[in-house]
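Novice: Structure of the sequence below:
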Amino acid sequence: MKYLSSADIQACFSMQDAINADKAALASYSAGQADIPLRTNLAIDDQNGQSLFMPGYVRGNAPALGLKIVSVYPDNTQQGLPSVPATMVVLDAATGIVSAILDGTYLTQLRTGAVQGAATDMLARPDSKTALLIGTGGQAFSQLIAMLTVRPLTRIYIASRSYDQAQAFVNRVQEQITDRFSVELVAVPDPNQVVAESDIITCVTTAHEPVFDGRLVTPGTHINGVGSYTPAMCEVPPEAITQADRIFVDTVDGALHEAGDLIAAQHTGQVDRGAIAELGQLLNQQVPGRSSAHEITFFKTVGSAVLDVVVASKIVDRAVAREIGTELS
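Specialist: Purely as a prediction, here's the structure:
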């Protein structure tokens, strides 16, 4: 059995690898080849915490079996500990024996960035050059790398709750990516200043109110809603979703029950269930994607264990082949 740290994963598995793995995961899910039970949530009231258990199994030529454990302990920060620790357990689908334990925090960042990258790759205009990233938290860096991996962007505007936060993110990240990407990162005090000129808009916040003015979105834009994951959260304005020509989600069941963005848009009466498709259906060529440079496309993800188990399984295969990681006896 192996233990794979975030450094081990980065050493053997790129963002492009993760994008490819996420595409395979969503295609399997939409083809009915995945068994993803509802997550189990245990309240640990005496510690002001909760633990979530997310199992999944994918059948087919490359079976994947695993369980991600995520805990939410806000008080951990008082002890200098992570408030949302996560661990991924990978099992050999043929024997049921645990084959690896992975850093679940980095895995989540990687697969979440990658699912946005998969959607952007399939839905954004091929000639997209400018993007807007709203949100500079723990998920922001992987979202940035994912967009740059699938499109040759020359400028990305960065917006956050304050201009100082946006500028701090730019200062921290620009140097890290200079050797890989020729892109200019520009902090902006108000995202609405650049919405109209952004070919791609990616939101990765936990906001309860829209973070930009949907009326400013121009034809041809692709929009990603990544951060909000409960019915009470709503980072993408309903006006942006209702004018979209194509609406895709990672999983319909998850998005319609948990995505406050979509729920709010449906309440307007201008978006119905029939207009929403899974990205896996597009991958399986069951539904059409972007058909012109003028269409507005929208993708919403709330996450699914199918992404964790498939990406983790492929990471383990790569690590074994390259003899990366710590052997546990």
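Novice: ok, longest helix in this structure?
Specialist: helix 104-123 (DSSP state H).
Novice: Return the set of buried residues in the helix or strand following that one.
Specialist: Where DSSP states H and E defines the elements, the next helix or strand beyond helix 104-123 is strand 130-134. For strand 130-134, burial by neighbour count (16 or more other Cβ atoms under 10 Å) applies to 130, 131, 132, 133, 134. All C-beta atoms are positioned from the backbone trio N, CA, C, and that covers glycine.
Novice: In this structure the first one contacts residue 157, no?
Specialist: Yes: Residue 130 sits in contact with residue 157 when judged by Cβ atoms under 8 Å, with a separation of 7.5 Å.
Novice: Out of the helices and strands in the chain, which is least certain?
Specialist: Lowest on mean pLDDT, DSSP states H and E among the helices and strands of the chain sits helix 260-267, with a mean of 81.
Novice: now for that helix, which elements pack on it?
Specialist: On a contact count with 3 or more Cβ pairs under 8 Å, 6 or more residues apart in numbering; DSSP states H and E, helix 260-267 meets helix 238-242, helix 252-258.
Novice: Try it again at 6 Å.
Specialist: When contacts are defined as 3 or more Cβ pairs under 6 Å, 6 or more residues apart in numbering; DSSP states H and E, helix 260-267 packs onto helix 238-242.
Novice: any idea which helix or strand comes after the helix it packs on?
Specialist: strand 246-249.
Novice: If we ignore the residues flanking it in sequence, what's nearest residue 128?
Specialist: Nearest in space to residue 128, with sequence neighbours left out and distances taken as Cβ to Cβ, 6 or more residues apart in numbering, is residue 199 at 3.7 Å.
Novice: And that neighbour, what's its pLDDT?
Specialist: On the pLDDT scale, residue 199 is placed at 98.
Novice: ok, now how distant is it from residue 123?
Specialist: With distances taken as Cβ to Cβ, to the nearest Å, residue 199 is found 11 Å from residue 123.
Novice: Over to residue 192?
Specialist: Counting by Cβ to Cβ, the gap from residue 192 to residue 123 is 23 Å.
Novice: Those two - which one has more neighbours?
Specialist: Counted by other Cβ atoms under 10 Å, residue 192 and residue 123 do not tie: residue 123 has more neighbours, with 22 against 15.
Novice: Would you enumerate the residues in contact with that one?
Specialist: Taking Cβ atoms under 6 Å, 6 or more residues apart in numbering as the contact definition, residue 123 lies against 222, 290, 297.
Novice: Going through the residues you listed, which ones are buried?
Specialist: Judged by 16+ other Cβ under 10 Å, buried ones among the contacts of residue 123: 222, 290, 297.
Novice: Hmm, residue 111 is touching residue 309, no?
Specialist: No: checked against Cβ atoms under 6 Å, the pair residue 111 and residue 309 is beyond contact range at 9.9 Å.
Novice: Spell out the secondary structure type for the residue lying closest to residue 77 once chain neighbours are set aside.
Specialist: Spatial nearest neighbour of residue 77, excluding adjacent residues (Cβ to Cβ, 6+ apart): residue 83 at 5.3 Å. Counting by DSSP: H, G, I helix; E, B strand; the rest coil, the backbone at residue 83 sits in coil.
Novice: What's the separation between residue 272 and residue 256?
Specialist: From residue 272 to residue 256 the distance is 11 Å (Cβ to Cβ).
Novice: Next: residue 111.
Specialist: 21 Å.
Novice: the more surrounded of the two?
Specialist: Neighbours per residue (other Cβ under 10 Å) separate residue 111 from residue 256, with residue 111 holding more: 28 against 17.
Novice: Please, which helix or strand holds residue 319?
Specialist: Assigned by DSSP H and E, residue 319 belongs to helix 305-321.
Novice: residues of that helix that come out buried?
Specialist: Using 16+ other Cβ under 10 Å as the test for burial, helix 305-321 gives 305-319.
Novice: Let me know the closest of the residues you listed to residue 280.
Specialist: residue 306 (9.1 Å; Cβ to Cβ).
Novice: gap between that closest one and residue 221?
Specialist: 28 Å.
Novice: Leaving out the residues flanking it, which one is nearest to the most centrally placed residue in the chain?
Specialist: In the chain, the centroid-proximal residue (Cα atoms, centre = their mean) is residue 112; its distance is 2.5 Å. Distance criterion Cβ to Cβ, 6+ apart; nearest residue to residue 112, sequence neighbours excluded, is residue 139 at 5.9 Å.
Novice: What count of nearby residues applies to that neighbour?
Specialist: Using other Cβ under 10 Å, residue 139 is surrounded by 20 other residues.
Novice: Kind regards, and thank you for your time.
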